[in-house]
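>>> output the structure for:
(chains A, B, C and D)
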Number of protein chains: 4
Amino acid sequence: MIKVGIVGGTGYTGVELLRLLANHPQVKVEVITSRSEEGLRIDDMYPNLRGHYDLQFTVPDVETLAQCDAVFFATPHGVAMKMAPELVARGVRVIDLGADFRIKDLELWSKWYGMEHTSPELAAKAVYGLPEVNRDAIKNAEMIACPGCYPTATQLGFLPLVENGLIDHRRLIADVKSGVSGAGRGANVGSLLCESSESMKAYAVAGHRHLPEVKQGLSEAAGRPVGLTFVPHLTPMIRGIHATLYGILKDPVDGLQELFEQRYADEPFVDVMPAGSLPETRSVKGANICRISVFRPQNDDTVVVLSVIDNLVKGAAGQAIQNLNIMFGFDETEGLRHAGMMP
Amino acid sequence: MIKVGIVGGTGYTGVELLRLLANHPQVKVEVITSRSEEGLRIDDMYPNLRGHYDLQFTVPDVETLAQCDAVFFATPHGVAMKMAPELVARGVRVIDLGADFRIKDLELWSKWYGMEHTSPELAAKAVYGLPEVNRDAIKNAEMIACPGCYPTATQLGFLPLVENGLIDHRRLIADVKSGVSGAGRGANVGSLLCESSESMKAYAVAGHRHLPEVKQGLSEAAGRPVGLTFVPHLTPMIRGIHATLYGILKDPVDGLQELFEQRYADEPFVDVMPAGSLPETRSVKGANICRISVFRPQNDDTVVVLSVIDNLVKGAAGQAIQNLNIMFGFDETEGLRHAGMMP
Amino acid sequence: MIKVGIVGGTGYTGVELLRLLANHPQVKVEVITSRSEEGLRIDDMYPNLRGHYDLQFTVPDVETLAQCDAVFFATPHGVAMKMAPELVARGVRVIDLGADFRIKDLELWSKWYGMEHTSPELAAKAVYGLPEVNRDAIKNAEMIACPGCYPTATQLGFLPLVENGLIDHRRLIADVKSGVSGAGRGANVGSLLCESSESMKAYAVAGHRHLPEVKQGLSEAAGRPVGLTFVPHLTPMIRGIHATLYGILKDPVDGLQELFEQRYADEPFVDVMPAGSLPETRSVKGANICRISVFRPQNDDTVVVLSVIDNLVKGAAGQAIQNLNIMFGFDETEGLRHAGMMP
Amino acid sequence: MIKVGIVGGTGYTGVELLRLLANHPQVKVEVITSRSEEGLRIDDMYPNLRGHYDLQFTVPDVETLAQCDAVFFATPHGVAMKMAPELVARGVRVIDLGADFRIKDLELWSKWYGMEHTSPELAAKAVYGLPEVNRDAIKNAEMIACPGCYPTATQLGFLPLVENGLIDHRRLIADVKSGVSGAGRGANVGSLLCESSESMKAYAVAGHRHLPEVKQGLSEAAGRPVGLTFVPHLTPMIRGIHATLYGILKDPVDGLQELFEQRYADEPFVDVMPAGSLPETRSVKGANICRISVFRPQNDDTVVVLSVIDNLVKGAAGQAIQNLNIMFGFDETEGLRHAGMMP
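Sure, this is the predicted structure:
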């Protein structure tokens, strides 16, 4: 039984960590912090947790957090990079669900996130927590940068093609659709039910912060810089990401289905669906799983990959726990074995 | 480890049984039947179950079902009463999520369900599976009639008042609101997204089949026949029931909060919220729990009880498993301990 | 062609006024104000209006507004009572969609709205703008207090019963359900899609500001103070109010259907549906109409009235324009004759 | 005042025709047909129309329809091609909202629609009713084939690029998202609220019937066959299409914004939004308008066009009325001048 802390527990990834960890037999949440909600019981804010925890939000404090074996940061960018170095120095293993440690090129990071990076040493050591790529490195990592939600769905969908050099690496297109929970629990007009339900819209077409992260991951897999057009859309639902990915096959080959099945044959949380299947985001609602289908419409040279996840689970809290399991030698699926909720 | 079968597994209560039982350590689903979908893998219909079961639908057959320790019926009314008697005779314990065995007065049953009852002997022995009322009888029951969804929320909300004779038993009002999954997976125009989203409507105002069931339960608790006005509403969401209950206090007493807290102090699946709380159906989404609040607006003589459940869990599949746990001496919360999903 | 101004045009009632007035042949919107959005084009905020207006928000200014024939206030309470007196003094006819002039008892008003009333003289002269009750007074009114959304649906549903003394006036129950647009365009966490979709909850059970307004109207109609239990619910949809109203018949009479039909026979915007019909809020989406059905379940002594409106139209902007039409001698239905939008 | 008939009035395009025509001063709906609903009042099926029509569904009959000046077919494919020839022969001008006359190559039509075409002569004369391309031909047309919903949004978005030869015509990608009303009012499990809300999925990835229609239109505009990958998605909302279109610029030019603005400068129902704007489908809800934005992300050689319509209006009934207006010499905007509904 390890002790964990959660910094920034009031947002949707925070409560999702709590929901999932409530059933994890080897983890006990000892601390959960929030500056703004100090003293509030977590189940007053999230009544779904009534009966599962006897905890209240406290002000984040390194002394207290340092008593934990692991600390999750479920915070906006800029927070983890300030607190993580000292925790790591004191032997705490840190898993950041935010963006601070995802991009290796810190100049690029600064450009997209609009601030200086304050812990370049730790950034250099941080492991990008996509187990399907970095499982071995995760095992011994001191600092994990959990992938963003769009990057998880997009990379898992493109990886088999890019790793094998099958598509024109300069012309990747990711048309990605996210539920509104991706925008967080902040009180923004654009996330109101009256503004975001019964409507569909693209946003950040000129450039989204997940673009450099995806490019970094796919470029590494390709062995050279990829070109990517990345268009996110706000979809009128709470949870779910649907990535529709387009690539141009260098050689219009058969066997894509097998390629995908083999790539992920041993992955507990990637499900390559039978040929012709159409993954729905609702099939992964609440579950730590990425479902993928691959198509070659009209047997032409364009390949279309459909990749769905729950942005709060495989795209955030679930993946963070998957990393934790790997880091501490638990069964990788511990706490994450439940099925998605349909309907 | 007991063996269970599910008759009628293609509907929403069927898939919800499968979702919940996937994590039940003492239960193995051996058989799942569907006449119309014979041979189809269950995870082809419900891809959320991929990786959790290796089962396909079979035609219902007493021989096969009789090998099980327990059989759930997740069927429309009229099915269980035909098959259950032989199963019970062969020692199988039967839990009917449908309506066949809920109403003791079979003439009344026939009036509301429009057919003769074909197994009056078993109906006489059947136990109404509301554990908060009938726990002891459930333990040894051969045949369980699981309460309907509205009746669960309505009875749990009214019980403390009615059992103690605090309200005018002739003038109960239940204004109940249900998500669309209550209408099932049948392809009805009224359940289409385009017909039922972005709208609110009452239905069956002249008389709903759950009215006699609620009256039966509350009359038993009151020790005399109650008068009830029951108005169901179709609410634009998938899951959830919100019962808003009105009663006239004979004596405008204080202490209703304590009364409710004491009534349910030992109940694992009824959560009386702190005074002044407003239960949301989303706080119980996917979880086997009923959350209740009680109010006396303007300190007047009308009491208002708010009672919420997930119609597919505490209102159907979860409650059925709760009954199973009681019947087989398992921990009553086995397989049902996870938190609801917010957001 | 009259000139009108709108104070507080950024909220949902403001944009709805603009949408409806765009097709009113006798009205030209000259001024629209917003302190926070000064200089912004209205169609930058509300692109549905692109091509319909060439207007930008200005800071509210009495001089400019005084050039109008009529001014609508689509503001939070407390604003209209400060600006309206001078406008009225200068001959402008004012229609307040807010709450400042709805309640005649200003002490009661202060209690519920938490501030002193600053224009008691104008409040005394203000006409409550429910045309179905006050049409004659509206014609010559200088100051109109438009009814709230819940009060419109609730009063229109109860009026035929209360005016004729048919129900126990001490025991009215209004179980009312509103779409989220009733909460306005403010950036509140509770109105986020992720918080308010896929859920149902009651709120303000202890007391809602529309309670005294409804009681005032119904007490006037009854000729004596009525007793009312009023429970509002937040419903996961954008627009619509569904009021489910309960009364106890003194004498379980027949003929309620005819009573309602006769009461509203000449009303252009109240539609008594055929006996047995179930009004859906979507049937009034975008339209200035209240649809009503009346039931006596099981021929008992409880009467159930179902009353639906679009909270932004008959519950706000449409009713305001209906008042304007009456005040200026236009056809009462001008600009309001379009059908609701289904699906 | 012309007399019109509607064949197949029970579906969503049928009721939308009725809603829009209720406010058209030069059109009177004389006949509306439905085999299955003969004798039913249209406002019993669609109560939003109560007070607007005194009509009931009749069995389709050429004699009666031949009395009309124009007849709309709002029917599944295969119906119009059987009845239209005789109507046209008798001088009735026919507007088909279905698919029978959209594709000029009847062999191709048969392949995609799975039946023989029974009126090749009329098909040869039929005019494709996209006013932005074919306005002059529409004026004198006897038979109009209204474009499909996806094809309208997709063609209007690609046209300025394709007509001017700016993009690689072999590599067009249309990632299109539609609300559920696009699937019609048929009682299909996949269109249930419980199946299609809170989820996103692609469908018909291997080939959708709108693909050949879009290719035909764009190939004509390009002057040579285009290559198109077309992936439709079912989006959890009632109305709206969002087309996200990708093309590869031959020459990464500036001036795309001006190009689009000029192309549609005189079009009453195409709105090129200011540079950088993000069109939302809700901004066109209920309105006959296509809103378009054009982007060149990271100033690279990929152009992204966003194009939104209401599938039932500019994608069906509104466009049909726009055609009618052109055919009969009415103001092209008659009956179509209202703004979209936000929120």
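
>>> which bits of the stretch 151-300 of chain A sit near chain B?
Proximity of the stretch 151-300 of chain A to chain B (Cβ under 8 Å from any Cβ of the partner chain) is limited to residues A:181, A:185, A:198, A:238-239, A:271, A:273, A:277, A:279-280, A:282-287, A:289, A:291. Every residue, glycine included, has its C-beta placed from N, CA and C.

>>> in strands, which of these fall?
A:271, A:291 (DSSP state E).

>>> buried ones among the residues of the stretch 151-300 of chain A next to chain B?
Buried members of those, counted by 16 or more other Cβ atoms under 10 Å in any protein chain shown: A:181, A:185, A:198, A:238-239, A:271, A:273, A:277, A:279-280, A:282-287, A:289, A:291.

>>> up against chain D, what does the stretch 101-250 of chain A have?
A:171, A:173, A:175, A:177, A:179, A:194-195, A:197-203, A:205-207, A:227, A:229-231, A:233, A:235-240, A:242, A:244, A:246, A:248.

>>> please enumerate the helices of the stretch 151-300 of chain A.
A:193-196, A:210-222, A:256-263 (DSSP state H, counting those that start in this stretch).

>>> tell me the residue of the stretch 51-200 of chain A that sits nearest chain D?
Nearest residue of the stretch 51-200 of chain A to chain D (Cβ to the nearest Cβ) works out as A:Ser199 at 3.6 Å.

>>> show me the contacts for that residue.
Neighbouring residues of A:Ser199 by Cβ atoms under 8 Å, 6 or more residues apart in numbering or on different chains: A:234, A:236, D:237, D:240, D:280-282, D:285.

>>> was I right to think A:Ala141 contacts A:Arg93?
Yes: using Cβ atoms under 8 Å, A:Ala141 makes contact with A:Arg93 at a distance of 7.2 Å.

>>> list the residues that contact both of those two?
A:Met327.

>>> where does A:Leu87 land in three-state SS?
The three-state label for A:Leu87, taken from DSSP: H, G, I helix; E, B strand; the rest coil, comes out as helix.

>>> pretty sure it contacts A:Val62?
Yes: using Cβ under 8 Å, A:Leu87 is in contact with A:Val62, at 6.6 Å.

>>> those two: which has the busier surroundings?
The neighbour count for A:Leu87 versus A:Val62, taken as other Cβ atoms under 10 Å in any protein chain shown, is higher for A:Leu87 (24 against 13).

>>> so where's chain A shaky on pLDDT?
For chain A, applying pLDDT under 70 flags no range at all.

>>> how does it divide into domains?
A:2-125, A:150-311 (automatic domain parsing).

>>> can you put those in JSON lines and add distance to C:Gly5?
What follows is those, written out as JSON lines (distance: least, Cβ to Cβ, whole Å):
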{"stretch": "domain A:2-125", "distance to C:Gly5": "40"}
{"stretch": "domain A:150-311", "distance to C:Gly5": "24"}
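
>>> looking at those domains, which is buried most?
Counting by mean count of other Cβ atoms under 10 Å in any protein chain shown, domain A:150-311 has the highest mean neighbour count of these, with a mean of 22.

>>> identify the residue spatially nearest to A:Arg135, adjacent ones excluded.
Spatial nearest neighbour of A:Arg135, excluding adjacent residues (Cβ to Cβ, 6 or more residues apart in numbering or on different chains): A:Ile326 at 6.3 Å.

>>> next, the contact list for that neighbour, please.
Neighbouring residues of A:Ile326 by Cβ under 8 Å, 6+ apart: A:131, A:135, A:138-139, A:332.

>>> same thing but at 6 Å, please
Counting by Cβ atoms under 6 Å, 6 or more residues apart in numbering or on different chains, A:Ile326 touches A:138-139, A:332.

>>> which among those count as buried?
If we count by 16+ other Cβ under 10 Å, those have these buried: A:138, A:332.

>>> nearest to B:Glu258, of the contacts of A:Ile326?
Looking at the contacts of A:Ile326 and their distance to B:Glu258, the nearest is A:Glu332, at 47.2 Å (Cβ to Cβ).

>>> residue ranges of the strands in the stretch 51-200 of chain A, please?
For the stretch 51-200 of chain A, the strands defined by DSSP state E, counting those that start in this stretch occupy A:70-73, A:93-96, A:127-128, A:143-145, A:172-178.

>>> parallel or antiparallel, which strands does the shortest one pair with?
Right, strand A:127-128. Next to strand A:127-128 in the sheet, as set by DSSP bridges, lie strand A:143-145 (parallel).

>>> same thing with the first one?
Its sheet considered, strand A:70-73 pairs with strand A:2-7 (parallel), strand A:93-96 (parallel) by DSSP bridges.

>>> for C:Ala99, find the nearest of those.
strand A:2-7 (42.1 Å).

>>> I'd like the next helix or strand past that closest one.
For strand A:2-7, the following helix or strand on the C-terminal side (DSSP states H and E) is helix A:12-21.

>>> other SSEs contacting the following helix or strand past that following helix?
Later in the chain than helix A:12-21, the nearest helix or strand by DSSP H and E is strand A:27-33. Contact analysis of strand A:27-33 by 3 or more Cβ pairs under 6 Å, 6 or more residues apart in numbering or on different chains; DSSP states H and E lists strand A:2-7 as its packing neighbours.

>>> how far does the strand it packs on sit from its chain's centre?
Here strand A:2-7 shows a centroid-to-chain-centroid distance of 19 Å under the convention Cα atoms, centre = their mean, to the nearest Å.

>>> contact partners of it?
A:14, A:17, A:27-33, A:60, A:65, A:68-73, A:75.

>>> spell out which residues of the stretch 201-343 of chain A are next to chain C.
A:Ile238 (Cβ under 6 Å from any Cβ of the partner chain).

>>> what residue in the stretch 201-343 of chain A comes nearest to chain B?
Closest point on the stretch 201-343 of chain A to chain B, by Cβ to the nearest Cβ, is A:Gly340, at 3.7 Å.
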